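Engineer: Have a look at this fold, sequence not included:
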């Protein structure tokens, strides 16, 4: 029965994450936690937790197999094997939380109620500190399903909303324990429902506060839908470079003809398939881009490649070019690189690791969250999954960014789960710092999230497309509480809660 409940929790959790409706997001792990409350064996606590995390990882992140097959060119049998390995390890923090919690409870001889709330606290702390390939949590489902409580993210962040989800789990678990013990449980079951309602009412009220915008940015988003094989060949042969640049320019020209003058045309990550090293784009293949920009007569934001000064390493870079095809500002180089995709972990200290897997790229790393200033406009430059980290956008906003621009290439992930997960996790940053976020991708989802949390037209997936966005923004955007003390609010409460549990536990020994 215990393994079945662990599997049930995994299924509930996995089918409540993006792109599914969050139907069980606030009680999905209650069956697992109920088992843990009754379990005396640390080994069984670990394995039931492992089963749960394996199942929800398989349901929520099965796109990993497609990516390994598409990006790594492995046969499907090996790609599926890689998915199984990923599911076995990606969220292994869950069973380790179970072990740490059980040891804590035994050491302090906690009673049942204290066990429940210490488990809530352990989960809240773990999802903040445990290492993951990318930051993900259930806080994002509030925005995905447009639950009004998402507006509170500008106070506590979406990670704070995820922590509230664990509190709701604790309340539902308390109700389940009352029911199982044949004690009155109705009031206990209604409490989390009322709390969900209250959070959404407060969020709705908070979200009505107007964001004072006094400027407008016109951007032409260009999504070329360039296939993966073609993209790889574009980076390896001159003939395919022409195909790529012609496709971008042709689609941009159509968009400019339909929309008229814009502040910027926006191309996605690594759109230009060659190095741009010279600020005037006066030599190499970059001259062709310069010629096309002059013909289009439009400023351009684009992803491309450059070279790191000093090391000579290739960089994944963010360029802003004027109507004459020259840098308006020096490019931003991607800082948060993708492990095993853009760098080999520990490769700088153990060079032989690079020799073991030479297919892994060795990109240069940027200098951290950066704001690029163009006249009076301050742009927070992000590349790909840098948008998944709340600290990254928070620092850009603290540096004065008025608009966040994220350039992404999600063409390696198919059309099922990942484009929606990556898209809405990135768009969440706009709410936390109350700055609009422009997201340009190769294959979708491309869109704009406004400071209000409203999301403008979504691009189709894997289709050629362009769209004009008129993006309101504030020239003097105020700081959100999440940018200041709100960032530390829930961590402080968690620290105090742990202190209280330890004090009460020792007092009762």
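Structural biologist: Arrived safely, thanks for sending. The model shown is predicted, which means the values in this text are computed figures rather than measured ones. Numbers count the residues shown, from 1 in each chain.
Engineer: all contacts plus neighbour counts: C-alpha atoms, from now on.
Structural biologist: Will do.
Engineer: Please, where are all the helices along the stretch 401-509 of the chain?
Structural biologist: For the stretch 401-509 of the chain, the helices identified by DSSP state H, counting those that start in this stretch occupy 418-433, 486-508, in order along the chain.
Engineer: for these, which one sits closest to residue 410?
Structural biologist: Of all the helices of the stretch 401-509 of the chain, helix 418-433 sits nearest to residue 410, with 6.7 Å by C-alpha to C-alpha.
Engineer: Does anything pack onto the closest one? Which helices or strands?
Structural biologist: Using 3 or more C-alpha pairs under 8 Å, 6 or more residues apart in numbering; DSSP states H and E as the contact criterion, the neighbours of helix 418-433 among helices and strands are helix 140-144, helix 153-180, helix 390-398, strand 437-441, strand 447-449.
Engineer: Which residues does it contact?
Structural biologist: Taking contacts as C-alpha atoms under 8 Å, 6 or more residues apart in numbering, the residues outside helix 418-433 that touch it are 18-19, 61, 63, 136, 140, 143-144, 151, 153-155, 157-158, 385, 387-388, 390, 393-394, 397, 404, 410, 413, 436-437, 439, 444-446, 448-453, 479-480, 482-483.
Engineer: what bits of the stretch 101-250 of the chain have low per-residue confidence?
Structural biologist: Along the stretch 101-250 of the chain, the parts satisfying pLDDT under 70 run over 228-238.
Engineer: in it, which spans are strands?
Structural biologist: Counting by DSSP state E, counting those that start in this stretch, residue ranges of the strands within the stretch 101-250 of the chain are 215-223.
Engineer: cool, and the stretch 251-400 of the chain?
Structural biologist: In the stretch 251-400 of the chain, strands defined by DSSP E, counting those that start in this stretch lie at 264-266, 300-307, 314-321, 332-333, 370-374, 377-383, listed in chain order.
Engineer: deepest of the ones you listed, which one?
Structural biologist: strand 332-333 (a mean of 27; mean count of other C-alpha atoms under 10 Å).
Engineer: re earlier: so for residue 114, which of the strands of the stretch 251-400 of the chain sits nearest?
Structural biologist: Ranking those by proximity to residue 114 (C-alpha to C-alpha) places strand 377-383 first, at 42.6 Å.
Engineer: who does that closest one touch, helix- and strand-wise?
Structural biologist: strand 314-321, strand 370-374, helix 390-398, strand 403-408.
Engineer: so what strands line up beside it?
Structural biologist: strand 370-374 (antiparallel), strand 403-408 (parallel) (DSSP bridges).
Engineer: Just want the angle from that strand to strand 314-321.
Structural biologist: Note on geometry: by axes from the mean of the first three to the mean of the last three C-alpha atoms, to 10 degrees, strand 377-383 and strand 314-321 are set 150 degrees apart in direction.
Engineer: In contact with residue 148, which residues?
Structural biologist: By C-alpha under 8 Å, 6+ apart, the contact list for residue 148 reads 142, 199-201, 203-204, 207.
Engineer: out of the residues you listed, who has the most neighbours?
Structural biologist: Of all these, the most densely surrounded is residue 142 (21 neighbours; neighbours counted as other C-alpha atoms under 10 Å).
Engineer: what's the spacing between it and residue 160?
Structural biologist: In this structure, residue 142 and residue 160 are separated by 11 Å, where distance is defined by C-alpha to C-alpha, to the nearest Å.
Engineer: residues contacting the closest residue in space to residue 398 that isn't next to it in sequence?
Structural biologist: In space, and not counting its chain neighbours, residue 398 is closest to residue 483: 7.1 Å by C-alpha to C-alpha, 6 or more residues apart in numbering. Shown here is residue 483, whose contacts under the criterion C-alpha under 8 Å, 6+ apart are 154, 394, 397-398, 432-433.
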